[in-house]
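1. Kindly return the folded structure for what I paste below:
(2 chains)
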Amino acid sequence: MSIIVSHLTFAYTQGGKRLEPTLKDLTFTIEEGSFLGIIGHTGCGKSTFAKHLNGLLFGEKGAVTVDGHDVSQKSERKKVRELVGMVFQYPEYQLFAETVFDDVAFGPRNMKLEPEEVKTRVTEAMQLVGLDPERFSSRSPFDLSGGERRRAAIAGVLAMRPKYLVLDEPMAGLDPIGRREILTLLEKLRSESGCTIIMISHSMDDIANHATKVLVLEQGSAFLLDTPQEVFSHADELQQIGLSVPSITKLCIEMNRRGIDIPRTICTEQAFMDWIREVKRNA
Amino acid sequence: MRDITLGQFVAGNSVIHKLDPRTKIAMMILYIAMTFLVKRIYFMAIPFAYLVLELILSGISLRYIVNSLKPIRILLIFMFILNLFFTSGENVWLDLGFWKLTGEAVLQSCFISIRIILLVAGASMLTLTTSPIALTDGIEKLLAPLKIFRFPAHELAMMMTIALRFVPTLMDESDKIRNAQMSRGADFESGNIFKRVKSMIPILIPLFVSSFRKADELAIAMESRCYHGGEGRTRMKQLKFRKEDLFAILITLLFMASLIVLLIVLK
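-> Residues are numbered from 1 along each chain as shown, chains lettered A, B, ... in the order given. Here you go, the predicted model:
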C-alpha cells in the first residue's frame, strides 16, 4: 500500500480566471514506511501539493490515491482523512477547545470512536509528543507555552493514528531544542508505528539527516526525486533554482575545491565521520 | 469566499479616480437621495444615466458592477416576490382566488428591484474607484467638524482603515483553520442548521484568538512608531479640493435639479 500520484496537474482560479498551473504533471509513488522530504523555493507548490494528499484540493487532471482510495471522491474523503494526518504551518493556531484533552480528542471524536477508545488515543498521543497527560489534560491550550502548544496541536493529529503523516514546515519558529524534539518524534513514529512521513522543510540539514527520499519541486514540476545523497550531489543545479545544500555537503564541496578527494554524495555528519574513519584506516 | 467584490478597489487613472474622496462621498449621498426621490419607474432613468456616465468616465469594467450585485441576488429575489404579494392594485393579470397578480404589483416589484440595484451599484462605484485609505481619509475629514462635540473622527477612521486592511488577512486565516479542522475530520457541509452553526466553533475560536493577538501586536507596532491618536498628525497625501471636484459636484447637482424639476412638472 502506498500513496500514488499520477499526472497530477492543478491550477488555482482567481476571479473566474484560471491561473498558471501550480502543479504540473507530477507522477510518483510514496512508499509505505518511507520518509519523503519535500524541498523547493517559496511558491513552488509545496503546500499546494500537500493539500492534495488528503483531498483538501484535487487536481483537474491526474489523480492521487491513498491505499487505493481516490482523494477526489467525496465518498472516499472521510477515509482518506483518517489515513492521512495533516500538520499545517503553525498548527498551534488551530487550537480551539477549552482543554488540551478536548482539543486532542477532536479528531478521534469526529471518527465516531467510543469514549474509552478516544481516551486511550488522546493519552497515547499526548505521551508521544511529550505532554504529560496528567498535568496537561485539563489545562487550557491557550495557557501553554509556544512549544507546548505546537506539540498539543500535533498530538491532535496523531490521536487519529494516521498511517501517513504530512507536515508542512513543522519546525518553523521553534528553537533548536524544539526542532530536535519534533524530529525525534517523527523518527519514533516511523520506527515504532511504521508511520510514513512526508515533510516539507527549508532545512536541508534536517532533510539530509532524516529523509529516505527527497522531492525537489521547481515551479510545480518534479525537478529531482531521489535519495538525499543523490539529490544533494546535484549542488550546482540546486543552487541554480535558488536552493542550498546541507552544511556537510557545502564542506565537502569546499574540500573538493581544495583538492581533497571526497565523494559528493556525503550529506550527513554520520556519512562524513564514516568517510574519515575509512580514510584513516587506509592511511 | 475569495471572490468578494463589495469594497474592492480597482486602481485606475481616470477622472473619477482622481477626484477628492470627499467629493465622491458627497456625490454618492446626492445620488442615493436621487434614487429615493424617484417615485415612478421611468424617472429612474435619471439616476441610471448618472451611474452610466460615472461608469464610462471611470473606465471600470461592467463586470465588477455585476459581481458586486451577486451577493444581493437573494435579497433581490426576495424583495421582488414580497412586493408581488403585498402590493394591491386594480389591473388584475391573473386571479388565483387567494391572491391576484396585478399590473401595479409587477411594476412596484420592478421599481423596488431597480432601486436596490442602483443603490448597490452606486455604492460599489465609490469603493471601486476610491482606495480604502483615501475613503477613510475622506470620512475623517468630513466628520472632523464634529470633533467640537468630542466625536472621535480620527479614531473612527483609523478603526475603519484597520478593519478593511485585515479583511483579506482574516479570510486567509479562516481558510487555513478550516483546512486544518477538515483534516481532523470536521464536517461543515452536512447536518441541519444548528449542527452546522455548532460545527463553526472550531473555526471561530481560533479566528478570534488570532484577531486579538494581531490587535495586540499591531497596537505595539503602532505605539513603537510614536502613534498617539490624531492630534498633530500630518499626512503624506493631503486632500485637495480642485476644479474637477467643483465640476463633478455641479454636474451631480444638475442631475438632481433636473430630477426635481421633472418631478414637479410631471406630477
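2. surely residue B:58 meets residue B:17?
-> Yes - at 6.7 Å, residue B:58 counts as touching residue B:17 under the criterion of Cβ atoms under 8 Å. Backbone N, C-alpha and C define where each C-beta goes, glycine included.
3. joint contacts of the two?
-> Overlap of the contact sets of residue B:58 and residue B:17 (by Cβ atoms under 8 Å, 6 or more residues apart in numbering or on different chains) consists of residue B:129.
4. On the three-state scheme, the residue most central in space within chain A is what?
-> The residue lying closest to the centre of chain A (Cα atoms, centre = their mean) is residue A:199, at 1.5 Å. Classification of residue A:199 by DSSP: H, G, I helix; E, B strand; the rest coil places it in strand.
5. In the stretch 151-267 of chain B, what residue comes closest to chain A?
-> Nearest to chain A in the stretch 151-267 of chain B, going by Cβ to the nearest Cβ, is residue B:185, at a distance of 3.2 Å.
6. okay but that residue is in contact with residue A:79, surely?
-> No - Residue B:185 lies out of contact with residue A:79 (Cβ under 8 Å); the separation is 10.4 Å.
7. how about the CA coordinates for the helix or strand bottoming out on mean pLDDT in chain B, as PDB?
-> The weakest-scoring helix or strand in chain B, judged by mean pLDDT, DSSP states H and E, is strand B:92-95 (a mean of 78). In PDB, the C-alpha atoms belonging to strand B:92-95 read as follows (Å, rounded to 0.1, in the frame of the first residue of the first chain):
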ATOM      1  CA  VAL B  92     -55.600  42.200 -12.500                       C
ATOM      2  CA  TRP B  93     -53.400  40.000 -14.700                       C
ATOM      3  CA  LEU B  94     -54.000  36.600 -13.000                       C
ATOM      4  CA  ASP B  95     -56.500  35.600 -10.400                       C
END
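8. hang on, the earlier thing: excluding chain neighbours, give the residue nearest to the residue nearest to the centre of chain A in space.
-> Once flanking residues are discounted, residue A:199 sits nearest to residue A:167: 4.7 Å by Cβ to Cβ, 6 or more residues apart in numbering or on different chains.
9. Which pLDDT does the model give the one you found?
-> pLDDT, the model's per-residue confidence, is 94 for residue A:167.
10. Could you grab the helix/strand/coil label for it?
-> What three-state DSSP gives for residue A:167 is strand.
11. and what of the one 5 residues further on?
-> Per three-state DSSP, the local secondary structure of residue A:172 is coil.
12. So what does it have for phi and psi?
-> Backbone geometry at residue A:172, expressed as degrees, to the nearest 10, gives phi -60, psi 130.
13. Only C-alpha atoms, please: export whichever strand or helix holds residue B:138 in CSV.
-> Using DSSP states H and E, residue B:138 sits in helix B:132-143. In CSV, the C-alpha atoms belonging to helix B:132-143 read as follows (Å, rounded to 0.1, in the frame of the first residue of the first chain):
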residue,chain,number,x,y,z
PRO,B,132,-9.8,52.3,1.3
ILE,B,133,-7.2,54.7,2.7
ALA,B,134,-8.5,57.6,0.6
LEU,B,135,-12.0,56.7,1.6
THR,B,136,-11.3,56.7,5.3
ASP,B,137,-9.3,59.9,4.9
GLY,B,138,-12.3,61.5,3.3
ILE,B,139,-14.7,60.3,6.0
GLU,B,140,-12.3,61.6,8.7
LYS,B,141,-12.2,65.0,7.1
LEU,B,142,-15.9,65.1,6.6
LEU,B,143,-16.5,64.2,10.2
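14. helices and strands around that helix, which ones?
-> On a contact count with 3 or more Cβ pairs under 8 Å, 6 or more residues apart in numbering or on different chains; DSSP states H and E, helix B:132-143 meets helix B:21-37, helix B:153-183.
15. Quick check: buried residues in the helix or strand that comes right after the first one?
-> In this case it means helix B:21-37. Beyond helix B:21-37 on the C-terminal side, the first helix or strand identified by DSSP H and E is helix B:45-58. Under the neighbour-count criterion of 16 or more other Cβ atoms under 10 Å in any protein chain shown, helix B:45-58 has B:46-48, B:50-51, B:54-55, B:58 buried.
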